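Q: Sequence plus predicted model, see below.
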Amino acid sequence: MKFQDTYGIALKDSNWTIPQNFDACFDWKYDDSRKAMMGLYQKGKEYQWDATTRIDWSQELDPENPQQLPEEMLPIWDMPLYQKMSPKEKANIRLHQQAFGLSQFMQGEQGALICAAKIVTQVPDMDAKFYASTQVIDEARHVEAYKMLLEKFGVVYPMTKPLAELIDQTLRDSRWDFTYLGMQVVIEGLALAAFQQMRDYAQNPLAASVNAYVMQDEARHVAFGRLTLRDYYPQLTEAERSEREEFLIDACWHMRDRFDNRELWEALDLPVEACMQHMADSGAMSNFRSFLFTRIVPIVKDIGLWSPKVREAYAKMGVLNYADTDVEALQQSDDQIAKDFDARRKYVDDTIKAGAKAAE
């Protein structure tokens, strides 16, 4: 069966085009004096990996709970409607809900792939072009890895409308820093928190490892946006910074409120409004929405978009307390956790080889 035949919602079109209007920028200085940026580029080169070999794809998924996630992570797990379902019906809901979430990861990674390619073309500094070029291959690998994982699910979903709207807005703007702000800071910052939830709670080693390895790359991507914008935004006028803050606030509200899974409930023929209302009233979902901003808020503060109106917006969202989060410590943790997954797999492989040799 072809991958496109596994969509849980019929595709209206097989392609999505966004008109572009921006200048391609060449840099004749070839300046590589920013040590932090070149250090990130060096890591980008050293940390390249192959999704087909680093991950053990022979591992299987549980058809009733593919990622082996706690039941409480299902947004409607405590709805009377769900509680009354048969075990088979519950298993089908879990399968589709997990596939829906992973599908957004995959679809978002293709958005990041296109944004990274645009950054290579637009950004004026050569060292930033160097690093962005490593991000292009990173994002292609992430799309590949999530596609391979979803093939094991046997079901995939299109990009949600809210995510598509933000990517559309990010790509349509001709100014290069808006691509950074929309993708590197907001979308990828939020994605890192969502990846972390899957990495830390999934008991299936295949699903957990995919998210761990993607996070190792994505932490560098967010750092890239942080380094670039931290240098650039102090050069802007107050009016120019205000325009970016308005975009940022709108994007954050937009992404915060997109987690209603409307398309999923419709596809499963569940009472859509009731499911969405349950999610809106759920304390667990409220905590999850706040957690998603763990990586975004401190970076926004660091890059200088920290006016009273931004702080007020984050206070209303209930995420201002993340302002002093140590992002670098989180990035180091992401890197170490991925290495720990590698070490565990090497230990298993070495044990199997030793056992086979002893049996000879």
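A: Arrived safely.
Q: Okay, buried residues for the host helix or strand of Leu206 please.
A: Using DSSP states H and E, Leu206 maps to helix 205-232. Buried residues in helix 205-232, counted by 16 or more other Cβ atoms under 10 Å: 205-229, 231-232. Where C-beta positions appear, they are placed from N, C-alpha and C, glycine not excepted.
Q: Report the mean confidence score over whichever helix or strand comes after it.
A: Downstream of helix 205-232, the first helix or strand assigned by DSSP H and E is helix 238-256. Across helix 238-256, pLDDT averages out at 94.
Q: For the protein, give the helix that spans the most residues.
A: helix 87-122 (DSSP state H).
Q: how far out from the middle of the chain is that one?
A: Centroid separation between helix 87-122 and its chain, computed with Cα atoms, centre = their mean, to the nearest Å, is 8 Å.
Q: Against which helices or strands is that helix packed?
A: helix 126-153, helix 161-172, helix 176-179, helix 188-201, helix 205-232, helix 262-267 (3 or more Cβ pairs under 8 Å, 6 or more residues apart in numbering; DSSP states H and E).
Q: What residues of it count as buried?
A: For helix 87-122, the neighbour count (16+ other Cβ under 10 Å) marks 90-122 as buried.
Q: What of stretch 307-316?
A: Buried, per 16+ other Cβ under 10 Å, within stretch 307-316: 310, 313-314.
Q: Output those residues as CSV; include the columns pLDDT, secondary structure and distance to Ala239.
A: CSV is the format used below for these (pLDDT from 0 to 100; DSSP: H, G, I helix; E, B strand; the rest coil; distance: Cβ to Cβ, whole Å):
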residue, pLDDT, secondary structure, distance to Ala239
Val310, 97, helix, 15
Ala313, 97, helix, 19
Tyr314, 96, helix, 22
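Q: wait, which of those is closest to Gln59?
A: Nearest to Gln59 among these: Tyr314, at 39.8 Å, using Cβ to Cβ.
Q: The closest one and Val297 touch, don't they?
A: Yes. At 5.9 Å, Tyr314 counts as touching Val297 under the criterion of Cβ atoms under 8 Å.
Q: Mutual contacts of those two, please.
A: 320, 323 (Cβ atoms under 8 Å, 6 or more residues apart in numbering).
Q: Next, count neighbours for Phe26.
A: Other residues near Phe26 come to 8 when the count uses other Cβ atoms under 10 Å.
Q: how about it, what does it touch?
A: Contacts of Phe26 by Cβ under 8 Å, 6+ apart: none found.
Q: how about low-confidence regions in this protein?
A: Low-confidence segments of the chain (pLDDT under 70): none present.
Q: Look up how far Glu89 lies from the residue lying closest to Leu190 once chain neighbours are set aside.
A: Ranked by Cβ to Cβ, 6 or more residues apart in numbering and with sequence neighbours excluded, the top spatial neighbour of Leu190 is Leu292, at 5.0 Å. Between Leu292 and Glu89 the computed distance is 29 Å (Cβ to Cβ, to the nearest Å).
Q: cool, and Ala354?
A: Taking Cβ to Cβ, one finds Ala354 at 45 Å from Glu89.
Q: repeat for Gln110
A: Counting by Cβ to Cβ, the gap from Gln110 to Glu89 is 32 Å.
Q: do the same with Leu40
A: Note on Leu40: its distance to Glu89, by Cβ to Cβ, is 48 Å.
Q: Could you do Arg34 as well?
A: Going from Arg34 to Glu89 by Cβ to Cβ gives 56 Å.
Q: Also Gln48?
A: Applying Cβ to Cβ to Gln48 and Glu89 gives a distance of 43 Å.
Q: likewise Gln59?
A: From Gln59 over to Glu89 (counting by Cβ to Cβ), the distance is 26 Å.
Q: try Ala117
A: In terms of Cβ to Cβ, Ala117 sits 43 Å off from Glu89.
Q: Could you do Asp340 as well?
A: Separation of Asp340 from Glu89 (Cβ to Cβ): 37 Å.
Q: Asp324 now?
A: When Asp324 is compared with Glu89 (using Cβ to Cβ), they lie 45 Å apart.
Q: Buried ones in stretch 133-148, by neighbour count?
A: For stretch 133-148, the neighbour count (16+ other Cβ under 10 Å) marks 133-136, 138-143, 145-148 as buried.
Q: what's the closest of those residues to Asp335?
A: Asp138 (13.9 Å).
Q: quick one, what contacts that closest one?
A: Asp138 neighbours (Cβ under 8 Å, 6+ apart): 44, 48, 116, 217, 220-221.
Q: Out of those residues, flag the one nearest to Glu238.
A: His221 (28.7 Å).
Q: could the buried residues of stretch 307-316 go into TSV alongside distance to Ile55?
A: Formatted as TSV, those follow (distance: Cβ to Cβ, whole Å):
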residue	distance to Ile55
Val310	39
Ala313	39
Tyr314	36
